[in-house]
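Engineer: Pasting a predicted model and its sequence here:
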4 protein chains.
Amino acid sequence: MEGFRFSTDISVRFAETDAQGIAHHASFVVWLEVARVAYLAEHAGGYRAIRELGVEALTTEVNLRYHHVARFDDRIRIWTRCVSLRGARFRYEYALECGEVLVAEGHTAHAIVDARSWRPRRLPRSFVDAVARAES
Amino acid sequence: MEGFRFSTDISVRFAETDAQGIAHHASFVVWLEVARVAYLAEHAGGYRAIRELGVEALTTEVNLRYHHVARFDDRIRIWTRCVSLRGARFRYEYALECGEVLVAEGHTAHAIVDARSWRPRRLPRSFVDAVARAES
Amino acid sequence: MEGFRFSTDISVRFAETDAQGIAHHASFVVWLEVARVAYLAEHAGGYRAIRELGVEALTTEVNLRYHHVARFDDRIRIWTRCVSLRGARFRYEYALECGEVLVAEGHTAHAIVDARSWRPRRLPRSFVDAVARAES
Amino acid sequence: MEGFRFSTDISVRFAETDAQGIAHHASFVVWLEVARVAYLAEHAGGYRAIRELGVEALTTEVNLRYHHVARFDDRIRIWTRCVSLRGARFRYEYALECGEVLVAEGHTAHAIVDARSWRPRRLPRSFVDAVARAES
């Protein structure tokens, strides 16, 4: 997928389908999180490393545009990139493919807060550097 | 909430929380659906009535902006309105409050398809009329 | 339901259905928790009151026998009783009805642990007394 | 794990944790299903092959005994075997390990029904044979 350097795959679980016979649209939101966790594991020492810096990453926005249904056991490739790191904030962008079909696109926005006070904290330098390396 | 005439309440389930101690952001997507179902029950004979017309409503977009965390057992009021009915498409807009606090805002977009062929179908007249009555 | 003095109702959410067109069996496990929370709210000052005693209730066993399918928007009555309080442990028993139909039966087992050390703790006296009042 | 010949691995998703900081107990029920799907893919041509025989497998019982907490990103090995095939019914048994730690054990019971009438149907011969090969 043009513009993306990282992807991770998931298979649609039966529990993630609904009575329309398709993957429920809320399942996609969980998959985006799975993709972020995989991205961090690949590029930034893992989500646990982030939390060990004494910060939490909150999700401040979710946007998903669904282009095609996904079904039980479909293998979905989630293309993922981290962008727009500024102050306490950053975003991820996603494209989800099933084979050659673009299933969905979306982005999420996040803010870093102190794990105790839950007040905004600047992005950890190690995270900013890791993303710069990952996306360049 | 100004501009909204309908609301429904949910309580945050323990299963909907995560290890940050807050309601997981994907849970909100499910709550929006609960609100749509309540809206249809109130105004359009229920979701089952829609499906009995031989159509399905697909979700084509989800957008949520999270302003404040919600926690276990918090009571969330979901203000809901149906807008922009055109051809096969319509949208819902939402504002989620916990007490006086605006917890989140969002919208979802939907398309009506034939329940057999899954091809786009015009919005059922009964639905358009019901929404017109509900929102006027 | 004979032998039960407390019940709470839930409606099957669309997100809780699966591609078989029925409520997914894992959803029932969440409903049992919703019922426990309602039971505690009615009888023991709420789950938060339990946690404010500095303890957590862990789930150590889940058993569910499914007798009849449940479907989207079905209203399920969850009959609930708390039994077998001994040392750090207690159980809940459940019967789930949809109208006159027995949909499922089950039980869960729980252990009280200290909220910091996660070591077993005797059941708080206030909880034991509240259950005794509730079930007598 | 003694007595088991098949296992599949999952990682605990963040969405599957709860405000106790551990994997929510209902998540395990979904993982058992993921394990069944992997077992069928390995041994019986996949769950889709079963459904293409015109039958559905319903879950009639879930039993889980939780021995140890699991946490975000823990890798869980789910040992799985299919047993007690008789008439329309069969069972799975499971042992869940995180490293050397036995996290949980359980079993599920299932019944085969006709995909149209939802009436009991004998287990398909191909499925019985595949399990016999897998477990011998």
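Structural biologist: Alright, I've got the coordinates.
Engineer: by contact count, what packs against whichever strand in chain A runs longest?
Structural biologist: As assigned by DSSP state E, the longest strand anywhere in chain A is strand A:101-114. Using 3 or more CB pairs under 8 Å, 6 or more residues apart in numbering or on different chains; DSSP states H and E as the contact test, the elements touching strand A:101-114 are helix A:25-43, strand A:55-66, strand A:89-98. The C-beta positions use only the backbone N, C-alpha and C, and glycine is treated the same way.
Engineer: Now do whatever helix or strand comes next after it: distance to the chain's middle.
Structural biologist: Downstream of strand A:101-114, the next assigned helix or strand under DSSP states H and E is helix A:125-135. Centroid separation for helix A:125-135 versus its chain: 16 Å, with CA atoms, centre = their mean, to the nearest Å.
Engineer: One more: stretch A:33-47?
Structural biologist: Averaged C-alpha coordinates place stretch A:33-47 at 8 Å from its chain's average position (CA atoms, centre = their mean).
Engineer: which parts of chain A sit against chain D?
Structural biologist: Counting by CB under 8 Å from any CB of the partner chain, the residues of chain A close to chain D are A:13-15, A:30, A:33-34, A:37, A:46-48, A:72-73.
Engineer: hang on, A:Phe6 packs against A:Ala130?
Structural biologist: No. Distance between A:Phe6 and A:Ala130: 11.9 Å, which falls outside the contact criterion (CB atoms under 8 Å).
Engineer: Could you name every residue contacting both of these two?
Structural biologist: Any residue near both A:Phe6 and A:Ala130 by CB atoms under 8 Å, 6 or more residues apart in numbering or on different chains counts here, and that gives A:His43.
Engineer: so A:His68 touches A:Glu105, yeah?
Structural biologist: No. In terms of CB under 8 Å, A:His68 does not count as a neighbour of A:Glu105; the distance is 10.9 Å.
Engineer: returning to what we had before: so what's the model's average confidence on the longest strand of chain A?
Structural biologist: Mean pLDDT, strand A:101-114: 97.
Engineer: can you state the direction angle for that strand and strand A:55-66?
Structural biologist: Counting by axes from the mean of the first three to the mean of the last three CA atoms, to 10 degrees, strand A:101-114 points 160 degrees away from the direction of strand A:55-66.
Engineer: and the helix or strand of chain A at the bottom of the mean pLDDT ranking, C-alpha only, in CSV?
Structural biologist: Among the helices and strands of chain A, helix A:47-52 carries the lowest confidence by mean pLDDT, DSSP states H and E, at a mean of 82. Only the C-alpha atoms of helix A:47-52 are listed here, as CSV (Å, rounded to 0.1, in the frame of the first residue of the first chain):
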residue,chain,number,x,y,z
TYR,A,47,3.8,-0.6,24.3
ARG,A,48,5.1,-1.8,27.6
ALA,A,49,8.2,0.3,27.0
ILE,A,50,6.1,3.3,26.5
ARG,A,51,4.2,2.7,29.7
GLU,A,52,7.4,2.1,31.6
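Engineer: Look up how far B:Ala19 lies from A:Arg48.
Structural biologist: 11 Å (CB to CB, to the nearest Å).
Engineer: Pick out whichever of A:His68 and A:Glu105 has more residues nearby.
Structural biologist: For the pair A:His68 and A:Glu105, the greater number of neighbours falls to A:Glu105 (17 against 12), based on other CB atoms under 10 Å in any protein chain shown.
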